[in-house]
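*Asks:* using only what follows, build the 3D model:
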Amino acid sequence: MQFELTEDFLTKLQTAIDSNDTVYVESQLRELYPPDIAEIFNKLELDQVKFLYKYLDEQIAADVLVELEEDVREDILASLTSKEIAEQLIDNMDSDDAADVIAELPDNVQDEVLSHMEDSEQASDIVELLNYDENTAGGLMATELVRVHVHSNAIECVREIREQADNVENIYAIYVVDDNEKLVGLLHLKKLIVSSTRSKVSDIYDTKVISVKTNTDAEEVANLMDKYNLVVLPVVDALGRLVGRITVDDVVDVRREEETEDVQKMGGMEALDEPYMNMSIWGILRKRAGWLVILFLGETLTASAMSFFENEIAKAVILAMFIPLIISSGGNTGSQASTLVIRALALGEITVRDWWTIIRKEIRVGLLLGLLLGVIGFARVALWAQFSPSFYGPHWMQIAMTVGFSLVGVVLWGNTIGSLFPLILKRLGLDPAVSSAPFVATLVDITGLVIYFTVASILLGSIIL
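*Replies:* Below is the predicted model:
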């Protein structure tokens with residue numbers, strides 16, 4: 001049954017903690033999974049978390065620590081000695097999780113923790129993982145895996161699995177290596193089970209194996225696992241030697257972080273370094289103020305563009321009435337296009353090489369959208385003129401045509417810019433997400449005014465000239 005953290009449950013648990021009701025506390029913790037316990041800890045005060053933490057066995061405690069929010073985890077680690085961290089937590093973690101936890105500790109504490117670790121081999125693995133960039137395959141991988149030599153047999157494979165059972169939490173596949181420890185293939189568990197115990201690995205393993213190098217970008221790893229529906233992916237070094245594996249749960253975390261960052265950037269701000277609730281007011285201010293100032297300065301160009309056409313506006317004041325309609329339509333269309341292209345780039349559905357196909361498609365889409373809005377805009381002016389003839393005067397037809405043609409032009413232009421700009425940024429090696437909806441909208445606002453008043457000058461020349 002899925003656990004749901006309710007206010008009633010939290011209140012009862014806090015009451016039990018305050019009254020030192022250990023029986024109730026232990027009974028509740030015993031029924032929960034580590035992610036559920038972590039969710040509870042994230043809602044409690046530090047002293048309450050410490051009270052509960054001592055009733056967890058070492059393996060559960062280690063699993064819970066990995067799931068905690070960063071600030072809560074830091075508080076718990078700060079309350080433990082280096083020896084306790086090493087023996088009670090790190091020794092019960094996979095190497096990738098252990099490396100992530102140790103990386104959060106001060107440098108002097110890191111050295112102390114590693115010195116207290118009983119398994120020197122695991123300590124050396126963790127030190128090696130700490131040297132990799134956290135946004136690469138090396139930073140994501142765990143070193144625990146099952147490998148067999150290409151010249152071994154099925155019985156030896158089973159023996160190796162049994163020996164590694166305590167170290168490898170989930171065995172998805174067996175990796176086959178040669179004399180130089182280079183990855184040469186993959187032996188699926190199903191194939192091993194249905195094969196004769198006298199079978200040689202060289203006869204039953206699959207030579208087609210997808211792998212990544214230690215310096216492969218984490219987002220590329222996630223895209224690769226999505227594309228081939230992989231639950232585990234082997235990692236090799238520059239010489240092709242097997243050094244680790246990445247499991248799907250690690251990729252889920254990468255996806256969540258990347259998507260969060262993209263959404264925040266598309267909102268017209270810098271990505272937050274910490275969860276929202278952990279950010280101070282000044283921290284949030286720094287992340288938001290920069291882009292707001294840039295967008296504000298960009299919008300001042302809109303005022304400059306309007307001043308350039310002030311004579312036209314003075315002679316035909318009715319033109320000013322449609323400015324919000326025109327520029328918002330272009331901005332909204334551009335924002336839609338940029339969002340679609342940014343997301344498609346992130347999912348690997350398109351690349352920069354597809355730019356011409358994308359632009360041709362978006363030009364056609366923009367033209368159709370422009371015609372749709374243009375017809376609606378024309379009809380709006382025309383119908384209004386019939387019910388209130390004095391509002392637009394005798395030139396209502398020219399005004400309606402100005403609004404209609406301007407909408408076609410502005411929407412077409414906004415759609416084209418919105419789809420092209422992320423591709424340009426990607427080509428320059430920048431993050432396409434910075435071509436956010438507000439940024440595109442600001443750019444289209446400025447150019448939209450030029451298009452609007454240019455059309456007005458052509459169709460209403462006898463009035464405004």
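*Asks:* now do stretch 143-151: distance to the chain's middle.
*Replies:* Mean C-alpha position of stretch 143-151 versus that of the full chain (C-alpha atoms, centre = their mean, to the nearest Å) differs by 32 Å.
*Asks:* can you dump the C-alpha atoms of that stretch in PDB for me?
*Replies:* C-alpha atoms of stretch 143-151 as PDB (Å, rounded to 0.1, in the frame of the first residue of the first chain):
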ATOM      1  CA  THR A 143      31.600   0.500  -9.500                       C
ATOM      2  CA  GLU A 144      29.600  -2.500  -8.200                       C
ATOM      3  CA  LEU A 145      28.800  -4.900 -11.000                       C
ATOM      4  CA  VAL A 146      29.200  -8.600 -12.100                       C
ATOM      5  CA  ARG A 147      31.800  -9.300 -14.700                       C
ATOM      6  CA  VAL A 148      33.000 -12.600 -16.200                       C
ATOM      7  CA  HIS A 149      35.900 -13.500 -18.500                       C
ATOM      8  CA  VAL A 150      34.900 -14.300 -22.100                       C
ATOM      9  CA  HIS A 151      36.600 -17.700 -21.800                       C
END
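*Asks:* buried ones in the particular helix or strand that has Leu192 in it?
*Replies:* Assigned by DSSP states H and E, Leu192 falls within helix 189-194. Of the residues in helix 189-194, 191-192 count as buried by neighbour count, 16 or more other C-beta atoms under 10 Å. Where you see a C-beta, it was placed from the backbone N, CA and C, and this is true even at glycine.
*Asks:* then stretch 370-378?
*Replies:* 370, 373-374, 377-378.
*Asks:* stretch 177-188 too?
*Replies:* 177, 183-187.
*Asks:* which two from those end up farthest apart in space?
*Replies:* Leu183 and Leu187 (11.7 Å; C-beta to C-beta).
*Asks:* now the common contact residues for those two.
*Replies:* 175-176 (C-beta atoms under 8 Å, 6 or more residues apart in numbering).
*Asks:* quick one: the helix holding Leu192 to chain centroid distance?
*Replies:* For helix 189-194 - counting by C-alpha atoms, centre = their mean - the centre lies 36 Å from the chain centre.
*Asks:* which strands or helices does that helix pack on?
*Replies:* Judged by 3 or more C-beta pairs under 8 Å, 6 or more residues apart in numbering; DSSP states H and E, the packing partners of helix 189-194 are helix 154-164, strand 173-177.
*Asks:* give me the distance from the helix or strand following it to the chain's centre.
*Replies:* Note on helix 189-194: by DSSP H and E, the next helix or strand toward the C-terminus is helix 201-204. Centre-to-centre, helix 201-204 and its host chain are 40 Å apart (C-alpha atoms, centre = their mean).
*Asks:* doesn't Glu134 belong to a strand?
*Replies:* No - secondary structure of Glu134 (DSSP: H, G, I helix; E, B strand; the rest coil): coil, not part of a strand.
*Asks:* contacts only, for it.
*Replies:* With C-beta under 8 Å, 6+ apart, Glu134 has these contacts: 100, 103, 140, 218.
*Asks:* any weak-confidence spans in this structure?
*Replies:* 1, 118-121, 264-279, 284, 288, 290-292, 294-317, 389-393, 434-437, 461-465 (pLDDT under 70).
*Asks:* quick one, domains of this structure?
*Replies:* As given by automatic domain parsing, the domain ranges for the chain are 7-132, 147-247, 276-464.
*Asks:* correct me, but Ala98 touches Ile90?
*Replies:* Yes - contact criterion C-beta atoms under 8 Å: Ala98 and Ile90 qualify, at 4.8 Å.
*Asks:* hey, what's in contact with both of the two?
*Replies:* Common neighbours of Ala98 and Ile90 (C-beta under 8 Å, 6+ apart) are Ile126.
*Asks:* returning to what we had before: CA-only coordinates of the helix holding Leu192 in CSV, if you can.
*Replies:* What follows is helix 189-194, C-alpha atoms only, in CSV (Å, rounded to 0.1, in the frame of the first residue of the first chain):
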residue,chain,number,x,y,z
LEU,A,189,20.4,-13.5,-17.0
LYS,A,190,17.7,-15.2,-19.0
LYS,A,191,20.2,-16.6,-21.4
LEU,A,192,22.3,-17.9,-18.6
ILE,A,193,19.4,-19.6,-16.9
VAL,A,194,18.1,-21.4,-20.0
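*Asks:* contacting residues around that helix?
*Replies:* Here helix 189-194 makes contact (C-beta under 8 Å, 6+ apart) with 154, 157-158, 171-174, 204-206.
*Asks:* ok, now stretch 374-394?
*Replies:* Stretch 374-394 has contacts (C-beta under 8 Å, 6+ apart) with 318, 322, 325, 396-397, 399-401, 403-408, 411.
*Asks:* report the buried residues of that stretch.
*Replies:* 374, 377-378, 381-382, 385, 392.
*Asks:* turn those into TSV, columns for distance to Gln336.
*Replies:* Shown next, in TSV, are the buried residues of stretch 374-394 (distance: C-beta to C-beta, whole Å):
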residue	distance to Gln336
Gly374	17
Gly377	18
Phe378	22
Val381	25
Ala382	27
Ala385	31
Tyr392	30
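*Asks:* tell me the one of these nearest Leu428?
*Replies:* Gly374 (33.8 Å).
*Asks:* on that earlier part again, any idea which of the contacts of Glu134 has the most stuff around it?
*Replies:* Leu140 (29 neighbours; other C-beta atoms under 10 Å).
*Asks:* ok, it touching Glu219?
*Replies:* No - the pair Leu140 and Glu219 fails to qualify as a contact (C-beta under 8 Å) at a distance of 10.8 Å.
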